[in-house]
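S.K.: generate a structure from the sequence data that follows.
(one chain, ligands or ions: 1)
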Amino acid sequence: MKRFKYAYNGMMQMFRKDTHFLIHILISLIVIISGFIFQLSAVEWLFILSAVFLVLTVEALNTSIEYAVDLVTEDFHELALYAKDISAFAVVLVSIYAVCTGLIIFLPKLLNLI
Ligand SMILES: Nc1ncnc2c1ncn2[C@@H]1O[C@H](COP(=O)(O)OP(=O)(O)OP(=O)(O)O)[C@@H](O)[C@H]1O
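M.R.: Okay, the predicted model is just below:
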């Protein structure tokens, strides 16, 4: 129960600090609602949910790394720059995976509507 409380506090802090997180949550909700509308198969749900949770998880880790780096130094430091930039790169990578997954699953269904 303690762990859930800490996790809840972490989530609330994410909402306060990281506006990207809120955008990710909103997009995730739209994707999940679309999944119900298009009646995804079990395998399609697995890919969509893995993409959604991967993006949210990596975004949370990215914010966590930013805090850890800021704790060590707020001065300009090349290693701080590498740590933050590589962590941002990880978010971009999973976002590309999520966009590809969304396109592969939803695009044929959307084209079918036309
Ligand atoms: N201490 C530092 N030394 C060198 N470069 C830094 C340092 N802090 C931040 N940077 C550079 O500025 C960029 C933005 O850092 P920042 O901590 O503002 O994160 P952010 O991407 O704006 O995240 P958020 O919007 O969630 O706060 C980093 O990716 C890095 O290139």
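
S.K.: show me how far whichever helix or strand S64 is part of is from its chain's centre.
M.R.: Per DSSP states H and E, S64 falls inside helix 42-72. Relative to its parent chain, helix 42-72 has a centroid offset of 4 Å by Cα atoms, centre = their mean, to the nearest Å.

S.K.: tell me the mean pLDDT for that helix?
M.R.: Averaged across helix 42-72, pLDDT comes to 97.

S.K.: which positions in that helix come out as buried?
M.R.: Buried residues in helix 42-72, counting neighbours by 16 or more other Cβ atoms under 10 Å, are found at 44, 47-49, 51-52, 54-56, 58-60, 62-63, 65-66, 69. For the C-beta atoms, the positions are set from N, CA and C on the backbone; glycine is no exception.

S.K.: return only those of these found close to the ligand.
M.R.: Among these, proximity to the ligand is found for T63, E66 (Cβ under 6 Å from any ligand atom).

S.K.: now Q39: phi and psi?
M.R.: The phi/psi pair for Q39 (degrees, to the nearest 10) reads phi 50, psi 60.

S.K.: got the residues of this protein near the ligand?
M.R.: Counting by Cβ under 6 Å from any ligand atom, the positions of the chain adjacent to the ligand are D18, T63, E66, T73, F76, H77, A80, L81, K84, D85, A88.

S.K.: hmm, 8 Å instead?
M.R.: 17-20, 62-63, 66, 69-70, 73-78, 80-81, 84-85, 87-88 (Cβ under 8 Å from any ligand atom).

S.K.: can you turn the buried subset of those into a selection I can paste into ChimeraX?
M.R.: Remark: buried members of the residues of the chain next to the ligand, expressed as a ChimeraX selection using 16+ other Cβ under 10 Å:
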select :18,20,62,63,66,69,80,87
